[in-house]
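A.B. asks: below are the sequence and a predicted model; questions follow.
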Amino acid sequence: MPAQERTGIWLIGARGSVATTAAVGLLALRAGVTGGGGCVTELPAFADVPLPGWDDLVLGGHDIVHTPLEKRAEQLAHAGVFGHSVFSAVRSGLAEVDAEIRDGYHPATHTGAQADAAARLTADIRAFADRNDLARVVVVNVSSTEAPCPHLPEHDDLDALEAALADPTRAVLPSSSLSAYAALKAGSPYVEFTPSAGITLPALRALAEREGLPYAGSDGKTGETLLRTVLAPMFSARALKVRSWAGTNLLGGGDGETLADPVTANSKLESKARGLAALLGGDVTAPLHIDNVPDLGEIKTAWDHVSFEGFLGARMSLQFTWTGYDSALAAPLILDLARFVTAAHAGGQSGALTELGFFFKDPLGSDEHRFAEQTARLVAWAGAL
């Protein structure tokens, strides 16, 4: 793509931990105060891919909270997600990003038809593109996980969906899907980084196809599930029968508070379970718990116990613990995805970008969960862009 093309990254949940860390990271990369650690697109395998440079990316977004981005970044620095020296180096730039954040859709406070809310969100994205002279805007959902979305007939048919959106007595779409609809109406590619419904609804995927827009998702793969996609194929390849795979996730911060609700946590649990079953070639006893531990703050710890059986029925086990800052793991992937999706859109690709399943627990349009195979597909796809 031409070097002068500027790309917008519009973040849903723009003042959350992941989005704030992504903003700090992008500004730090531009300023040269950090390297590309954690950024897949900085690996030598992608050196010749026509990706937008760090200086070509402009941030904006929607959020329903109003804590200034600078204040949120300061909190994350105190929590240890990044150093105070990094925060000091990018502090002034955060105010510029914050100026590009607009009020998001809040179902509890919105009155009138959802179509009106969608029109406002769409107008915000278009105005952002115009203000900043952007060739395109990639919309990425990094907002809090929603409860599972009850299926409605309108979710399967675009005409029926748009008729329902115009009805002021109905709320046919969850917030994530309304944001996806608005993004597509604005002509923007879309990335669903959460396990929320987002663009997964058939009517919205049909809209993306109709508009010739690429999309990717869902549920970013950053920690425990990343390890599972590496380790599970090992058992299958060595003919070792996994009898059970139990896991416990301990986390604090905003995610911990959100996922303390069992109904909301179910979205995350379902996403994780589907991937494990696919990796092991069938259902396996796999209890998984997510517990809110406020004292942990931004740190997330995952503990897994794998019981397996080998030759002559010998019983064995594997245990591992993963402790990390989830925002620091997720934020570079947001930048990677925006860069890859930009290149795909510039290259005329549309529909589900299945090769980006590398980044997700529940990859749209693909049943491949094995990490090595996903990596090979990503490298081959990117090399052809």
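C.D. replies: Right, received. Where do you want to start? Residues are numbered from 1 along each chain as shown.
A.B. asks: what about the helices in the stretch 251-385 of the chain?
C.D. replies: Assigned by DSSP state H, counting those that start in this stretch, the helices in the stretch 251-385 of the chain fall at 253-259, 262-280, 326-346, 371-383.
A.B. asks: same check, this time on the stretch 51-200 of the chain
C.D. replies: Taking DSSP H, counting those that start in this stretch as the criterion, the stretch 51-200 of the chain carries its helices at 69-79, 84-98, 114-131, 158-165, 175-185.
A.B. asks: let me know the pLDDT of the residue of the chain most remote from its centre.
C.D. replies: In the chain, the residue that sits farthest from the middle, by CA atoms, centre = their mean, is Leu312; the gap is 43.2 Å. The predicted local confidence for Leu312 comes out at a pLDDT of 97.
A.B. asks: roughly how far is stretch 30-42 from the heart of the chain?
C.D. replies: Computed by CA atoms, centre = their mean, to the nearest Å, the chain-centroid distance of stretch 30-42 equals 19 Å.
A.B. asks: shaky segments in the stretch 151-300 of the chain?
C.D. replies: Within the stretch 151-300 of the chain, the segments meeting pLDDT under 70 span 254-274.
A.B. asks: sorry, back to before: looking at the helices of the stretch 51-200 of the chain, which is nearest to Val137?
C.D. replies: Closest of these to Val137 is helix 114-131, at 5.1 Å (criterion: CB to CB). Quick note: C-beta positions are derived from backbone N, CA and C, even for glycine.
A.B. asks: quick one: list the elements packing against that closest one.
C.D. replies: Packed against helix 114-131, as judged by 3 or more CB pairs under 8 Å, 6 or more residues apart in numbering; DSSP states H and E, are the following elements: strand 7-12, strand 57-63, strand 136-141, helix 158-165, helix 175-185.
A.B. asks: most tightly surrounded among the ones you listed?
C.D. replies: Greatest average neighbour count among the helices and strands packed on helix 114-131 goes to strand 7-12 (a mean of 29), per mean count of other CB atoms under 10 Å.
A.B. asks: strand partners of that one, parallel vs antiparallel please.
C.D. replies: As defined by DSSP bridges, the strand partners of strand 7-12 come to strand 57-63 (parallel), strand 136-141 (parallel).
A.B. asks: for these, which one sits closest to Ser236?
C.D. replies: Taking the strands paired with strand 7-12 one by one with CB to CB, strand 136-141 is closest: 32.3 Å.
A.B. asks: pLDDT on that closest one, on average?
C.D. replies: Across strand 136-141, the per-residue pLDDT values average to 98.
A.B. asks: how far is that strand from where the chain is centred?
C.D. replies: Chain-centre distance of strand 136-141: 11 Å, with CA atoms, centre = their mean.
A.B. asks: over to stretch 217-234?
C.D. replies: Put simply, stretch 217-234 sits 14 Å off its chain's centre (CA atoms, centre = their mean).
A.B. asks: any buried residues in that stretch, and which?
C.D. replies: For stretch 217-234, a neighbour-count test (16 or more other CB atoms under 10 Å) marks 217-226, 228-229, 231-233 as buried.
A.B. asks: of the residues you listed, which belong to strands?
C.D. replies: Among the buried residues of stretch 217-234, the members found in strands (DSSP state E) are Gly217.
A.B. asks: what's around the closest residue to Ala117 other than its chain neighbours, how many residues?
C.D. replies: Excluding its sequence neighbours, the residue lying closest to Ala117 (CB to CB, 6 or more residues apart in numbering) is Tyr105, at 4.9 Å. By other CB atoms under 10 Å, 21 other residues sit near Tyr105.
A.B. asks: for Tyr105, which residues are in contact?
C.D. replies: 62, 64, 117-118, 121, 175, 178-179 (CB atoms under 8 Å, 6 or more residues apart in numbering).
A.B. asks: TSV for the residues you listed, including distance to Gln75?
C.D. replies: As requested, the contacts of Tyr105 are exported to TSV (distance: CB to CB, whole Å):
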residue	distance to Gln75
His62	20
Ile64	18
Ala117	29
Ala118	32
Leu121	27
Ser175	24
Leu178	28
Ser179	25
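A.B. asks: any idea which residue sits dead centre in this protein?
C.D. replies: Against the mean C-alpha coordinate of the chain, by CA atoms, centre = their mean, the closest residue is Phe193 at 1.6 Å.
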